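Engineer: next comes the sequence, and after it the predicted model I'd like to discuss.
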Amino acid sequence: MNLEAQSGAEGVSAEQQAEAYRLFMLGRFLEDDGDGDGAIRSFREAAELDVYSGEPLAELASLFSRASRREEAVTAARSALEREPANLTAHRILGLIYSSIANDQDGTIADATEAITHLEQARGSLLPDLQVELTLARLYLIAERSSDAIELLETLEQDGLRSGQSALLLSHAYEQVGRDEDALTVIEAAVTNGRPSFRLYERLGELYERQQRWDDAVVAFRLAVSRNVRSASVRRRLANALVANGDPSAARDVLRDLLEMRPRDARALVLLSNVELSLNNFQAAENAARQLIEFEPSGLRGPFALAEVFERRREFQQVINTLEPVLEEVRGRVSDPRQLVGVLGRIGFAHERLGALQRAAASYEEVLELIPESVAFGMRLAQVYVDSDRVSEAMQIVERARNDHPNNLTLSRIEAQVLERQGSVEDAARVLEEALERSDGRPTAYIILSNFYSGHGRSDEAVALLETALASFPEDTSILFQLGAVFEQHDQFVNAERTFRMLLDRDPDHEMALNYLGYMLADRGERLEESVVLLEQAVAIDPHNGSYLDSLGWAYFKLDRLDLAEPPLRAAAVQLPKNSVVQDHLGDLLFSLGQFGEAVEAWKRALAGDGDEIDPERIEIKIDEAR
């Protein structure tokens with residue numbers, strides 16, 4: 001209390017001021033002694049004696065605030081400011097209280113603005129009040145006043161008042177204005193020069209994560225976990241960083257440890273299911289998904305995770321069986337119908353892969369009713385229309401989307417397919433050639449056009465086009481793969497093998513090249529042992545890929561290892577019932593095994609299938625022989 005400033009004030013005697021001061025100091029003593037009620041009485045009596053001083057009321061507000069009596073604290077502080085508009089203590093209390101309100105779940109930007117107004121007026125002391133300074137900086141960030149936050153925090157740094165908290169706030173302020181490197185630098189300095197806390201290591205990992213510096217992110221998140229072993233969020237981020245860094249096994253260990261600590265952590269179960277899938281541990285992935293469904297019986301995350309497992313197994317009917325009941329259940333309770341898009345899209349894709357094109361179209365049509373602006377689903381629907389010979393409807397979608405997306409290569413490819421179906425092959429070629437001209441040389445444009453050329457007997461043009469693309473994009477393996485495929489499709493087997501081997505030298509795990517080369521050798525009866533090695537490697541990467549299973553089974557068949565050939569060929573035939581080649585392969589195996597009736601049924605499916613790359617007359621002869 002400032003007695004000198006109040007001396008002689010009208011209506012307040014020197015004796016009253018002295019007694020008010022005594023009561024003020026008594027209040028502080030009583031609070032320190034644990035007598036909160038006595039302190040409140042003393043501060044109130046002091047305020048009644050000296051009606052001009054705001055300090056007793058400000059101190060009363062502080063006491064109420066420390067006792068979590070927020071409303072009484074606000075009332076006392078406002079009363080103090082009515083007496084002394086510049087009272088630092090009252091402004092401090094109000095600023096901190098409104099800051100707390102702004103951080104509440106129902107806090108608003110107006111609360112943050114109110115807090116800023118008071119805290120700015122509380123900064124009048126000679127020595128900075130770090131709680132005020134750091135709270136004010138945090139509020140500046142909430143209010144998107146990044147420059148003010150940076151100025152305040154950099155001043156603290158210059159004054160030697162650096163702390164882990166100020167470093168965290170300054171890094172966020174730098175990030176808000178796009179100074180990402182500065183954001184990282186300030187955290188790295190705080191970690192190096194101080195005693196780094198859990199929050200600093202967490203923030204460091206987050207910044208490395210955003211720069212995709214996965215090695216560094218893993219180290220930082222591991223250090224954060226060592227500081228706070230019970231932090232589930234950081235353990236999940238560590239698992240994500242390990243997956244991105246190519247170590248899913250370590251990520252699985254992290255998640256299993258987390259789930260031992262928190263068995264019902266839904267996000268950890270989602271991550272674990274995904275990690276197990278990446279390791280081809282399909283049963284473990286399914287178990288995690290089913291456990292999530294058990295914990296969240298009305299949620300979407302469990303069914304989505306389970307559907308992902310079935311999708312990777314190519315069990316598309318199971319995808320539908322899993323998601324359709326969920327779709328019907330959530331239709332009536334979602335606040336925004338667009339939340340159904342993910343479910344509808346997955347169901348549509350599953351129907352599409354099963355050949356149920358009408359049902360696939362219905363799913364995609366419903367998606368587009370919910371999000372009519374979606375180009376991706378529009379193209380998906382257009383492709384289904386093309387495959388269903390509904391070419392005029394497909395073209396309508398293409399024409400609507402073309403105005404806003406004139407250079408979209410998928411739209412051009414679908415338009416060319418429509419023109420082909422309508423017999424306008426030259427127009428289709430022109431569409432793809434113009435798309436290549438507009439594409440700024442994107443590799444995909446070369447691949448689409450070369451595939452068209454190859455499919456229409458223009459192999460020399462296809463090869464020349466791809467060699468041009470390869471000169472511009474020498475490291476692009478997709479161009480090499482397409483070049484090898486074109487060579488093989490036009491019986492240039494030496495060139496095809498050389499191209500695929502060149503690709504595998506660059507990427508030994510390129511599963512499509514492994515399958516293509518392995519099948520090519522097996523189908524020609526060349527180096528069958530090597531073809532099996534190549535195909536086993538492809539199947540190890542994607543164990544439920546029907547095409548790969550068919551290739552491997554066919555190689556075993558050519559080697560006369562019929563017992564090994566039967567499981568993959570049967571699995572491929574179930575997964576690809578309309579693929580004529582796959583059914584033909586199974587028929588040949590069953591005939592060799594003496595299962596003539598089943599062989600005939602397989603060959604009938606081959607004749608009724610897509611008809612690609614089979615000789616129907618030869619199959620009819622085989623059916624007659626079997627009968």
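Structural biologist: In hand now; what should we look at? Residues are numbered from 1 along each chain as shown.
Engineer: give me the contacts around stretch 71-86.
Structural biologist: The set of residues external to stretch 71-86 that reach it, using Cβ atoms under 8 Å, 6 or more residues apart in numbering, is 47, 51-55, 57-58, 60-62, 64-65, 87, 89-91, 93-94, 97, 121, 124. Any C-beta I mention is one placed from the backbone N, CA and C, and that applies to glycine too.
Engineer: mind listing what's buried along that stretch?
Structural biologist: Of the residues in stretch 71-86, those buried under the neighbour-count criterion (16 or more other Cβ atoms under 10 Å) are A73, V74, A76, A77, S79, A80, L81, R83, E84.
Engineer: next, work out how far apart the fifth one and R28 are.
Structural biologist: So the one you mean is S79. Taking Cβ to Cβ, to the nearest Å as the criterion, S79 is separated from R28 by 19 Å.
Engineer: count of neighbours near A241?
Structural biologist: Other residues near A241 come to 27 when the count uses other Cβ atoms under 10 Å.
Engineer: quick check: which element contains it?
Structural biologist: Following DSSP states H and E, the helix or strand that holds A241 is helix 232-244.
Engineer: what about the next helix-or-strand element following that helix, distance to the chain center?
Structural biologist: Later in the chain than helix 232-244, the nearest helix or strand by DSSP H and E is helix 248-261. If you compare the mean C-alpha spot of helix 248-261 with that of the full chain, they lie 19 Å apart, counting by Cα atoms, centre = their mean, to the nearest Å.
Engineer: buried ones in helix 248-261?
Structural biologist: P248, A250, A251, R252, V254, L255, L258, L259.
Engineer: mean confidence for that helix?
Structural biologist: Across helix 248-261, the average pLDDT comes to 96.
Engineer: mind listing what's buried along the next helix-or-strand element following it?
Structural biologist: Once helix 248-261 ends, the next helix or strand along the chain (criterion: DSSP H and E) is helix 266-278. Taking 16+ other Cβ under 10 Å as the neighbour-count basis, helix 266-278 is seen to contain the buried residues A266, A268, L269, V270, L271, L272, S273, N274, V275, E276, L277.
Engineer: L57 against I93, yeah?
Structural biologist: No: judged on Cβ atoms under 8 Å, L57 makes no contact with I93 at a distance of 10.1 Å.
Engineer: look at those two and report which has more neighbours.
Structural biologist: Taking other Cβ under 10 Å, L57 and I93 do not tie; I93 has more neighbours (29 against 26).
Engineer: ok, the more buried one - contacts?
Structural biologist: Contacts for I93 were tallied using Cβ under 8 Å, 6+ apart; they are A58, A61, S62, S65, A73, A77.
Engineer: so which of these belong to helices?
Structural biologist: Those of the contacts of I93 mapping onto helices are A58, A61, S62, S65, A73, A77, per DSSP state H.
Engineer: just put those residues in a markdown table and tack on pLDDT and distance to L354.
Structural biologist: Formatted as a markdown table, the ones in helices among the contacts of I93 follow (pLDDT from 0 to 100; distance: Cβ to Cβ, whole Å):
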| residue | pLDDT | distance to L354 |
| --- | --- | --- |
| A58 | 85 | 74 |
| A61 | 84 | 70 |
| S62 | 84 | 70 |
| S65 | 84 | 65 |
| A73 | 85 | 66 |
| A77 | 85 | 69 |
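Engineer: next, format those residues as TSV and append distance to N103.
Structural biologist: Written out in TSV, the entries for the ones in helices among the contacts of I93 read as follows (distance: Cβ to Cβ, whole Å):
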residue	distance to N103
A58	23
A61	19
S62	20
S65	15
A73	16
A77	19
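Engineer: pLDDT value on the nearest residue to L432 once chain neighbours are set aside, please?
Structural biologist: When the adjacent residues along the chain are set aside, L432 lies closest to L449, with 4.5 Å between them (Cβ to Cβ, 6 or more residues apart in numbering). The pLDDT attached to L449 in the predicted structure is 96.
Engineer: what helix or strand is L449 located in?
Structural biologist: Here L449 is assigned to helix 443-455, by DSSP H and E.
Engineer: centre of the chain versus the helix or strand following that helix, how much separation?
Structural biologist: Helices and strands here follow DSSP H and E; after helix 443-455, the next one along the chain is helix 459-472. On the basis of Cα atoms, centre = their mean, the separation between the geometric centre of helix 459-472 and that of its chain is 36 Å.
Engineer: and P577, how many neighbours?
Structural biologist: By the other Cβ under 10 Å criterion, the neighbourhood of P577 contains 15 residues.
Engineer: how about it, secondary structure?
Structural biologist: Counting by DSSP: H, G, I helix; E, B strand; the rest coil, the backbone at P577 sits in coil.
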